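**Student:** From the sequence below, what's the structure:
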Amino acid sequence: MSEEPHPVIRLALVDDQTMFREGLRALIEQEPDVEVVGQATSVQALEDMDVEPDVIVTGLAFPDAARDQVIELRTRFRDAAILALTALDDLPTIQQVLAAGADGYVLKSAATTDLFAGIRAVAQGGLYLQPSIGIAFASRPPELASASAAGGLTPKETVVLRLLALGHTNAEIAALTGSSLRTIETHRAHIHQKLDRHTRAQLVRFALEVGLLRLDEEDTTAHPPASTTEAESDSVSR
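**Tutor:** Here you go, the predicted structure:
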């Protein structure tokens, strides 16, 4: 029995540099599961083309305008995933862009494998950061107090939020914090209600926005010691 083919990702490009955009299109169209359905110099120009992409790869030329461009894309193309492809590599801009609604962030200096990984990840509803960006974020310790204040969360809910954003299941979080599964489910319900964010991508964006998330933590918490307690998880940033 032959396997069913993967659905083709309908992709649009937004960048004000025509030569770069054309070269990117030629590169992307070599991938059998990606089809470029439109390319434009601006968000307005793309909207005028009347296309319905699954993913929009957008350039970001200036830090001051990056957040506004992502918000404009998110407003006009509500069903599309947004992947930023830019030379802007400062962490504040990256945080602002992700908080504004981008689903992924890749630098123009990255390998093509990072770009294709990002396209496929966001097309499937995930959040993607180029690995080197993840390492940069990892050097910034999470601040539980500020995150709690920003979202109106309790300290325990903030710990649960951080682990949810890292991709852990309710059962894994229960094991990590020494709590019951029912307690974690209650915390999770409160988090969704207080933040009005209901998907992992939304929780990740909030965690990045408030400086809570450490993207290297998934490796260090994958196999927690059996003695880990909820009190320890509240006070220890790993």
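**Student:** Give me the most central residue, the protein.
**Tutor:** Taking C-alpha atoms, centre = their mean, the centroid of the chain lies closest to L127, which sits 3.2 Å from it.
**Student:** how much space between it and H190?
**Tutor:** 22 Å (C-beta to C-beta, to the nearest Å). Yep, even glycine has a C-beta here, placed from its N, CA and C like the rest.
**Student:** and what of K156?
**Tutor:** K156 is 10 Å from H190, by C-beta to C-beta.
**Student:** more neighbours, the two?
**Tutor:** K156 (20 against 17; other C-beta atoms under 10 Å).
**Student:** That one reaches H187, doesn't it?
**Tutor:** Yes - with contact defined as C-beta atoms under 8 Å, K156 reaches H187; the gap is 6.3 Å.
**Student:** so where's this structure uncertain?
**Tutor:** Scanning the chain for pLDDT under 70 picks out the ranges 1-6, 134-150, 213-238.
**Student:** domain assignment for it?
**Tutor:** 9-138, 144-235 (automatic domain parsing).
**Student:** so where do the helices sit in this protein?
**Tutor:** In the chain, the helices defined using DSSP state H lie at 18-28, 43-48, 63-76, 91-100, 112-123, 131-138, 144-151, 155-165, 170-177, 181-195, 200-209, 217-221, 230-235.
**Student:** helices or strands up against the second one?
**Tutor:** In terms of contacts (3 or more C-beta pairs under 8 Å, 6 or more residues apart in numbering; DSSP states H and E), helix 43-48 is packed against strand 9-14, strand 34-40, helix 63-76.
**Student:** Adding mean neighbour count, write the ones you listed out as JSON lines.
**Tutor:** Below are the helices and strands packed on helix 43-48 laid out as JSON lines (neighbours: other C-beta atoms under 10 Å):
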{"stretch": "strand 9-14", "mean neighbour count": "23"}
{"stretch": "strand 34-40", "mean neighbour count": "19"}
{"stretch": "helix 63-76", "mean neighbour count": "16"}
